[in-house]
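Colleague: Sequence isn't available, so here's the structure alone:
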């Protein structure tokens, strides 16, 4: 099931553990940012969505499960969250060949990022501050 939640300042969608879900998550985020008419670097937002979704797929989503992408506005802050049911605590690490750049990129592009608890699993999030809706 691909449930979608819509609220004026919240967009949320569930994705199955499938490779094509990362592109779908980017499209979903692109649409939300466009609808909200945010003054934010869209490329940075989409790259962070891609990295968080990819990390959930590779490290956080057990077979048969999925992850939830949530974008919401609180004042002038855009928050991106990826909820998964896997264990472990993500951390920025030194890149190793083709791997290990995801959270390094998120940390460089977003104003803040972190990991929160959920049962089961975790929420990996990042925030972009100073975003304003344009007319």
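Modeller: Okay, I see it. The structure displayed is predicted, hence computed values, not measured ones. Numbers count the residues shown, from 1 in each chain.

Colleague: gap between the one helix or strand residue 67 maps to and the chain center?
Modeller: Here residue 67 sits within strand 66-74, counting by DSSP states H and E. Here the centre of strand 66-74 is set off from its chain's centre by 7 Å, with Cα atoms, centre = their mean, to the nearest Å.

Colleague: name the helices or strands packed onto it?
Modeller: Helices and strands touching strand 66-74, by 3 or more Cβ pairs under 8 Å, 6 or more residues apart in numbering; DSSP states H and E, are strand 10-16, helix 21-36, helix 42-55, strand 77-84. The C-beta positions use only the backbone N, C-alpha and C, and glycine is treated the same way.

Colleague: Report the buried residues of the first one.
Modeller: When you say that, I think you mean strand 10-16. 11-15 (16 or more other Cβ atoms under 10 Å).

Colleague: Just the closest of these to residue 38, please.
Modeller: Ranked by distance to residue 38 (Cβ to Cβ), the buried residues of strand 10-16 are led by residue 11 at 11.9 Å.

Colleague: With residue 125 as the reference, measure out to that closest one.
Modeller: Taking Cβ to Cβ, to the nearest Å as the measure, residue 11 and residue 125 are separated by 14 Å.

Colleague: Lowest-scoring secondary structure element of the protein by mean pLDDT?
Modeller: Among the secondary structure pieces of the chain, namely its helices and strands, strand 4-7 has the lowest mean (mean pLDDT, DSSP states H and E), a mean of 59.

Colleague: about what we covered before: tell me which of the helices and strands packed on strand 66-74 is the most buried.
Modeller: When those are scored by mean count of other Cβ atoms under 10 Å, the highest mean neighbour count falls to strand 77-84 (a mean of 22).
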